[in-house]
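[1] Sequence first, predicted coordinates after that:
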Amino acid sequence: MIQSRSREVGVVNAKKDRYPRITRGWSNAPADVTAEDWVSQPDAAERLGVMVLTIGWLMACGHLDPANGPQGRGITRSSLDRELAWREHATWRSRVARWTKNIVRWI
């Protein structure tokens, strides 16, 4: 279980704190998930050891799946586990290939 050290999460307006409607056209469109399948972006960034901005980049590239949970915007726990497993076993060649593919996709 991930515990946030930075702050306590207060009550949020669930409709206001969801991903924008435009993201529904993404290949990995945000899914409505339960609290057990949801991880906040700051907690995911802490677990991966990256900045929160990187979480957005990983979602845009399709490596993490965005999720609308009871607490608001986040990612699915399964995609976080998949990313952690990939990072643990990826060779430097596969990291370079993935980075190159992500950059070319945005050009």
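    Alright, I've got the coordinates.
[2] Poorly predicted segments of the chain, please.
    1-28 (pLDDT under 70).
[3] can you do 90?
    Residue ranges of the chain with pLDDT under 90: 1-35, 56-57, 59-62, 67-73, 102-107.
[4] mind listing the strands for it?
    In the chain, the strands defined using DSSP state E lie at 31-32, 38-39, 66-69, 72-76.
[5] Turn those strands into CSV, columns for mean neighbour count.
    Where C-beta positions appear, they are placed from N, C-alpha and C, glycine not excepted. Output for the strands of the chain, formatted as CSV (neighbours: other C-beta atoms under 10 Å):
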stretch, mean neighbour count
strand 31-32, 14
strand 38-39, 24
strand 66-69, 23
strand 72-76, 23
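[6] how about those, which one is nearest V96?
    Closest to V96 of those, according to C-beta to C-beta: strand 72-76, at 24.3 Å.
[7] Which other helices and strands does that closest one contact?
    Here strand 72-76 touches strand 38-39, helix 41-48, strand 66-69, going by 3 or more C-beta pairs under 8 Å, 6 or more residues apart in numbering; DSSP states H and E.
[8] how about 6 Å then?
    strand 38-39, strand 66-69 (3 or more C-beta pairs under 6 Å, 6 or more residues apart in numbering; DSSP states H and E).
[9] still on that earlier bit, include distance to W57 when you put the strands of the chain into CSV, please.
    What follows is the strands of the chain, written out as CSV (distance: least, C-beta to C-beta, whole Å):
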stretch, distance to W57
strand 31-32, 19
strand 38-39, 16
strand 66-69, 12
strand 72-76, 12
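[10] To R105, which of those lies closest?
    That would be strand 66-69 among these, by C-beta to C-beta, at 17.2 Å.
[11] now for the closest one, which elements pack on it?
    Helices and strands touching strand 66-69, by 3+ C-beta pairs under 6 Å, 6+ apart, are strand 72-76.
[12] Right, I'll leave it there.
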